[in-house]
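> Output the structure for:
(2 chains)
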Amino acid sequence: MALITLVLLPLLGGLALVAGGRGLAAPVATRVGAALAGVTFLLAVVVAVTRPVVDRSWLPELGVRAHLGVDGIAIPLILLTALVGVLVTIHAMGEVPAGGSPATFVGSLLLVVGGALATFTARDIVLFFLAFELVLIPMWVLIRRFGDPHHPGARAEAGHRFVLYTAVGSTLMLVGILLLVSSAGSTDLGRLVEAGAALPHGRQLTIALLLVTGLAVKVPVFPLHTWLPSAHTIAPTAGSVLLAAILLKMGTYGLVRLPLALVPSGFAALAPWLAIAGVVGIVWGSLVCLVERDLKRLIAYSSVAHMGFVVLGLSTGTVAGLQAALYGNLAHGVISALLFVVVGGLKRRWGSVDLRRSWPALREIAPRRGFALILGLAAALGLPGLAGFWGEFLAVLAAWRPADVTQIPVFRTVAVIAAIGGALAAAYALRVARLLWVGDAVELADPAGVADAVEAVDPSGDGDGDSGQRGTGEGLDVEARGVEWMALSALGLATVLLGVLPWLVLGVMDPAVTALLGGAR
Amino acid sequence: MTPSAPVTLDWLVLAPALVPVAGLLLVLVLDAVLPGRRGLHLAVGVVALVVAAATAVPRALAPDSSPALSLCLPGGTEGACFWRAGPLQSTLQVGVLAATLAVLLLQSDRWHPAGTDAGATHDGAVDVALLLGSATGGVAVAAASDVATWLIALELATLPVVALVALRRTRESAHGALTLMMTSLLSFAILVVGAGLWVLATGGSTLTGAAVRVAWADAATRPVLVLAVLALIAGVGFKLSAVPFHAWTPPTFTSAPLPVTALLAAASKVAALAALLIVLAPLAGLVGAQPAPHAIAFVLGALALASMLVGTVLALRAVDVVRLLAWSTIAQAGWVLLPLSALTAAGHRAAAGYVLTYAAASLVAFAAVSAVRRTTGGEPGSGRELSAYTGLARTHPHVGGPLVLALLTFAGLPPGILGLVAKVVALRPLLGAGLWPLAVAAVVGVVLGIAVYLRWVAVLLGDPAGAEAERDVHLDRGALSVLALGSALLVVATVVPHVLYGLLS
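Model (predicted):
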């Protein structure tokens, strides 16, 4: 019962808000949304503890059942999703972007959360696919209607790109799923583990190729990542947080649940290629981050790099690698959510976060936001003691000893490159910290940027006169207060907790991961 | 079966077709006795369609199914009956009747976007009678099991529509009716050739499995049979608006009165698929036979892909929403044909499920389109430019909401989950039959389709400022009930898809 309510409450609540909430004022709509998200979180905790199972007939003509359940792999993601759901709805109490009614905004947030919860709890492969598709339209509405108000054209483009890329991916995945179902004769994820592994290698390879390509779009894996930066840049803060913390997770979760668990020999054949794509993503993403001017875009590219580590861990095919991937997945969700809340708030107030311009030092004008930024950057560069460390460290370690000994040369090479790519993260994190936190923008290549900088650095500009001038940021209050500070504190706390107490989560995941690989191998 | 009777007749089995005929006659008699009573004719039409559907429903629900037979010749061998209605056929009959009922309700509204105004100039009785005639043809073709009945029923389903298009009495609609008429004649010619070849190949006029198996086994008759089936597919392809037989669709859709367009888009498509299934059903027994009927599968797959791609690409450019829906119909016809290329019974059920889902969504879309009229700006009196819909889902959620649902059902994106399930069900038989390259190619169709429908959805969700003053949104009872019933159907079938797919198996 708790499980069904967990999935249906945000979905139905969100639908009701979108369909019938037009008249609601912003405070009412956001409070209703936050209350629904809060109850959802409590239900998620109940589900995580009691681990109920629901199994009903749904579409018997296809053999599809409404089969929901949770295991150690899904539980951390469900808790993360529900927590992020609470945070984004609370965040909406302080900030509802223009572009539509507040109820539509909050309702779309809840629909994304509900769709993700359905994805993580589905135990039937067709149901998984349907749930996977549920988040598309609400996310599209968030980007298209509520995105950056300064660029209507870019909004339409980013929204379209997001939907079409993801739809290509999920339809390819659907073809893979149906091929698997018609070859193995079941749609139940549990039963498919044996039936899938028994398929001939060629068939497994075809299925794995379809599934991996489809899911790689969502993760995203280089070179299928190009939808992500534009979507992240344009989306409102809450949308960026949902994208980073929830939607990308659905991709990696899908990779674990479908190709890795169900067609192991096919996946193993693709693993080196996937590892290479992951490592290229790490290096590419980090290099772009070194030169990217738009801070939101920069964080989006750093997501590509982090997901590269996750994919690397997955492709090793070992328990350690899988744990590293799942842990890195979770950590990335928390860290990027934190960074997007920090940067989204800046962008809303300043109008842009172009790093070519000179911005006032956050450590002076907004110490709390500045601290959150530093914490997020430190975690993103993989500082030991923070969330980002374990996933990346363990992934590289696991890549040194892959499950398939014939693949050792490939994996050791990519492990070395990944470690170097990880070091690049320190370079771009420090670059951002220097420009924004220290407020030190001396080297400016762009002459136009210099002009802006001179204008902005003008020491007498206390801001009462030119506070309306978008882009300089002088005199605008950018400190994190109220609900924004609450969201940042919660995410910061989670970052630290995941960093110092990794066994909390690893312990929950361990039996499920071992069972997954044990069952498959 | 008594030997003394030359033909056995089970009237109840024939009721889905006989009741509309009775209604038709009653309407004509009433019109002669009490002329000009629009409401009365309408009531007779509604009652006839509801009763006819009610007689078909029990057979659609029957769990175990030897098909109901009627009009049987003495002797009692397989195929000696002219009428065979299994659950699949009965469900399609219900679909035809329900879609016609929805069109009748739309037709009953006096308020139509100006410039598409149809009802005022001519008599309601003619409309109702023609609709009932078309419904009779659609019902009969679904159960026809010999070539002659099948041909006549298919033409009965088509010809009244030509009259309905022409009755608008504008230059444009005359053009549309002429196009439709020429297309119908051409397709009839091809169908007659196909029927002749069929008789030549199987040595009889029945459309059942036994005769086909015999004809297939013989190397001499096999090519004739393949030709016959291909000609019949081509003939029905016209009615289904499959590429390359689609050219009539956009001009006819845009020039016909809106309710008639809805009829062409919904009821006619269900009837056309029902007709096609009658021809393809015996071939399902040939899968695994040596040699396998590859040519037929290939042609069906090619038609499906071509329709899907051409339809969506051209819909991407359409500005007139009815034209957009016309191209979308062509694309959706591709989706209906796609599972058929597996040549299995599961493929037939998938196609039937798809066509019913599509018909329900189409009727909702047309009902919503019928409610919007432009007051100023653009072409006066027309509400058919995409820009007239700006922000409709925000200003008039009771019209815009169902329209969004219908479009997302076409696109196959949640919350239009039924459309997504229909696509899943449609792709499944292909993969079961080893046609996965075809399924991968269909991915392109899915993605282009999403682009088409989201373009309209984005307009519907847009900022209504400016557009609101320039349009008038008005729902009459008929359109309102179609919107409400259609959306309710889509929602219920989303929660419990079994109600739709259970009917088909």
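> For chain B, give me its nearest residue in the stretch 351-500 of chain A.
When you check the stretch 351-500 of chain A against chain B by Cβ to the nearest Cβ, the closest residue turns out to be A:Gly351, at 20.3 Å. All C-beta atoms are positioned from the backbone trio N, CA, C, and that covers glycine.
> Give the helix, strand or coil label for the residue nearest the centre of chain B.
Nearest to the mean C-alpha position of chain B, by Cα atoms, centre = their mean, lies B:Lys269 at 1.9 Å. Classification of B:Lys269 using DSSP: H, G, I helix; E, B strand; the rest coil returns helix.
> Need the pLDDT of it.
You'll see B:Lys269 listed with a pLDDT of 94.
> how far away is it from B:Thr252?
Look at B:Lys269 and B:Thr252: by Cβ to Cβ, to the nearest Å, they are 13 Å apart.
> So, low pLDDT: which residues of the stretch 251-400 of chain A?
By pLDDT under 70, the stretch 251-400 of chain A has no low-scoring segment.
> One more pass at 90, please.
Where the stretch 251-400 of chain A drops to pLDDT under 90, the residues are A:261, A:264, A:289-297, A:299, A:316-320, A:323, A:329, A:342-374, A:377-400.
> Which residue ranges of it form helices?
With DSSP state H, counting those that start in this stretch applied, the stretch 251-400 of chain A shows helices at A:261-262, A:264-291, A:295-315, A:319-350, A:362-365, A:367-380, A:387-400, listed in chain order.
> so how far is the shortest one off the chain centroid?
So that's helix A:261-262. Relative to its parent chain, helix A:261-262 has a centroid offset of 23 Å by Cα atoms, centre = their mean, to the nearest Å.
> packing partners for that helix?
Applying 3 or more Cβ pairs under 8 Å, 6 or more residues apart in numbering or on different chains; DSSP states H and E, we find helix A:261-262 packed against helix A:189-197, helix A:502-520.
> go with 7 Å
Applying 3 or more Cβ pairs under 7 Å, 6 or more residues apart in numbering or on different chains; DSSP states H and E, one finds that helix A:261-262 makes contact with helix A:189-197.
> what about the helix it packs on and chain B, any contact?
No: taking Cβ under 7 Å from any Cβ of the partner chain as the criterion, helix A:189-197 and chain B are apart, separated by no less than 14.5 Å.
> Could you list the buried residues of that helix?
Neighbour-count burial for helix A:189-197 flags A:Leu189, A:Leu192, A:Val193, A:Ala195, A:Gly196, A:Ala197 (criterion: 16 or more other Cβ atoms under 10 Å in any protein chain shown).
> for stretch A:419-428, same thing?
Within stretch A:419-428, judged by 16+ other Cβ under 10 Å, the buried ones are A:Ala419, A:Gly421, A:Gly422, A:Leu424, A:Ala425, A:Ala426, A:Tyr428.
> Distance check, the fourth one against A:Ala305.
When distance is defined by Cβ to Cβ, A:Leu424 is 8 Å away from A:Ala305.
> the helices in the stretch 1-150 of chain A, which residues?
Using DSSP H, counting those that start in this stretch, helices in the stretch 1-150 of chain A cover A:2-20, A:26-50, A:74-94, A:102-121, A:125-134, A:136-146.
> Give me the contact list for the shortest one.
To tie it back to what came earlier, the one meant is helix A:125-134. The contact list for helix A:125-134, computed with Cβ atoms under 7 Å, 6 or more residues apart in numbering or on different chains, reads A:62, A:64, A:66-67, A:115, A:118-119, A:122, A:170, A:173-174, A:177, A:181, A:187, A:189, A:192, A:250, A:254, B:413-414, B:417, B:420, B:424.
> how about the residues of the stretch 351-500 of chain B near chain A?
B:397, B:401, B:408, B:413-415, B:417, B:420-421, B:424-425, B:427-428, B:431-432, B:436, B:439-440, B:443, B:446-447, B:450-451, B:454, B:458, B:461, B:497-498.
> Show me what from chain B comes close to chain A.
B:397, B:401, B:408, B:413-415, B:417, B:420-421, B:424-425, B:427-428, B:431-432, B:436, B:439-440, B:443, B:446-447, B:450-451, B:454, B:458, B:461, B:497-498, B:501-502, B:505.
> Give me the buried subset of those residues.
The neighbour-count test (16+ other Cβ under 10 Å) marks B:401, B:408, B:413-415, B:417, B:420-421, B:424-425, B:427-428, B:431-432, B:436, B:439-440, B:443, B:446-447, B:450-451, B:454, B:458, B:461, B:497-498, B:501-502, B:505 as buried among those.
> Next secondary structure element downstream of the lowest-mean-pLDDT helix or strand in chain A?
Using mean pLDDT, DSSP states H and E, helix A:447-457 stands out as the lowest-scoring helix or strand of chain A, at a mean of 43. Using DSSP states H and E, the helix or strand that directly follows helix A:447-457 along the chain is helix A:482-500.
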